[in-house]
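Q: okay, structure incoming, though there's no sequence with it:
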């Protein structure tokens, strides 16, 4: 059984290899370093507070956006720096009588 | 100290905060884990990496150990899974690994060797056996490794692999046949 002998010889050669005698120390040191480097974890309450705060900020942003009124700026824009030209609102405002 | 009751007490102490007691567990099982790891990985460095990874995973999962099985069974299961994952990862870089292995083999044959041809043949035989073991299907390989490297009984292997003893026996038989067929050409 040459193949069985080859396999046995191979396994025996591997079993002769011994691990590093300081393996236990290395493992314990690694565990300690992992515990110190553990990232900060939020508790459930903290997560809820963060989510609530983000929601409030988003709603605030939406309400500030809806306060914007487009019409209030139009009439001012027409009169900026145009002292030397005619006031265009005279022509655009339907209530103003432009006829002589 | 392999009394299951003592192991459970140590685990309770570790979970209560006495982390340094984990070194007792490591000292008790590191040789066994190393033997299984070398059965899969074949090199000392890779096997030591596996041993570190296994014990770190074990420590981090310690609270999940319910005591339904023996601690050794649970630990061996973690070892087998870690080894199989490492092998899969290694196979992704197999091209570079093969190149490295070839270069290592070439330069390891010393020029002042009295029988370089014998040395070469011996290395080729070793490589052939290693390749044959590596080519076994996962379950056959696991059963083979646990049996031949750690000398576990079929009962223990069946608990680790979650199979019947009959299934384990079949796996071992098939592994033997597969290896014999692959190694027929070895002189």
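A: Looks like it came in fine. All values reported here derive from a predicted model rather than from experimental measurement.

Q: residues contacting residue B:31?
A: By Cβ atoms under 8 Å, 6 or more residues apart in numbering or on different chains, the contact list for residue B:31 reads residue A:19. (Glycine included, C-beta is placed from N, CA and C.)

Q: what's downstream of the strand or helix carrying it, the next helix or strand?
A: Using DSSP states H and E, residue B:31 falls within helix B:22-41. Per DSSP H and E, helix B:22-41 leads on to helix B:44-60 as the next helix or strand towards the C-terminus.

Q: packing partners of the helix or strand following that next one?
A: From helix B:44-60 onward toward the C-terminus, using DSSP H and E, the following helix or strand is helix B:71-92. Other helices and strands packing on helix B:71-92, by 3 or more Cβ pairs under 8 Å, 6 or more residues apart in numbering or on different chains; DSSP states H and E, are helix B:4-15, helix B:22-41, helix B:44-60, helix B:138-150, helix B:154-161.

Q: in chain A, which spans are strands?
A: Using DSSP state E, no strands are found in chain A.

Q: name the residues of it found near chain B, please.
A: A:2-4, A:6-7, A:10-11, A:13-15, A:17, A:19-20, A:23-24, A:26-28, A:30-32, A:34-35 (Cβ under 8 Å from any Cβ of the partner chain).

Q: what does stretch B:132-141 contact?
A: Contacts for stretch B:132-141 (Cβ under 8 Å, 6+ apart): A:7, A:10, B:40, B:84, B:87, B:144, B:161, B:163, B:171-172, B:174-175, B:178-179, B:182-183.

Q: redo the helices and strands packed on helix B:71-92 as TSV? Include distance to residue A:50 and mean pLDDT.
A: What follows is the helices and strands packed on helix B:71-92, written out as TSV (distance: least, Cβ to Cβ, whole Å; pLDDT from 0 to 100):
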stretch	distance to residue A:50	mean pLDDT
helix B:4-15	31	91
helix B:22-41	35	96
helix B:44-60	27	96
helix B:138-150	44	96
helix B:154-161	44	96
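
Q: that older thread, for the contacts of stretch B:132-141, which one is nearest residue A:55?
A: Closest approach to residue A:55 among those (Cβ to Cβ): residue B:84, at 45.2 Å.

Q: show the buried residues in the residues of chain A next to chain B.
A: Buried by 16 or more other Cβ atoms under 10 Å in any protein chain shown: A:3, A:6-7, A:10-11, A:14-15, A:19-20, A:23-24, A:27-28, A:31, out of these.

Q: okay, and the helix or strand of chain A with the least pLDDT?
A: Of all helical and strand segments in chain A, the minimum by mean pLDDT, DSSP states H and E falls on helix A:71-79, at a mean of 55.

Q: next, count neighbours for residue B:130.
A: If you count neighbours by other Cβ atoms under 10 Å in any protein chain shown, residue B:130 ends up with 14.

Q: could you list the low-confidence segments of chain A?
A: Low-confidence segments of chain A (pLDDT under 70): A:1, A:38-42, A:69-93, A:96-100.

Q: how about the residues of chain B near chain A?
A: B:19-20, B:22-23, B:26-27, B:30-31, B:34-35, B:38-39, B:42, B:44, B:47-48, B:51-52, B:55-56, B:59, B:125-126, B:128-130, B:133, B:148-149, B:179-180, B:183-184, B:186.

Q: of these, select the buried ones using a PyMOL command.
A: Burial among those is assessed by 16+ other Cβ under 10 Å; the matching PyMOL selection reads:
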select buried, chain B and resi 22+23+26+30+34+35+38+39+42+44+47+48+51+52+55+59+125+126+128+129+133+148+149+179+183+186
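
Q: circling back: which one of the buried ones among the residues of chain A next to chain B is nearest residue A:61?
A: Among those, and counting by Cβ to Cβ, the member closest to residue A:61 is residue A:31, at 46.0 Å.

Q: related to what we said a few turns ago, kindly reformat the helices and strands packed on helix B:71-92 as a markdown table containing distance to residue B:91.
A: As requested, these are exported to a markdown table (distance: least, Cβ to Cβ, whole Å):
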| stretch | distance to residue B:91 |
| --- | --- |
| helix B:4-15 | 35 |
| helix B:22-41 | 12 |
| helix B:44-60 | 13 |
| helix B:138-150 | 12 |
| helix B:154-161 | 22 |
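
Q: between these, which one is nearest to residue A:65?
A: Taking these one by one with Cβ to Cβ, helix B:44-60 is closest: 47.5 Å.
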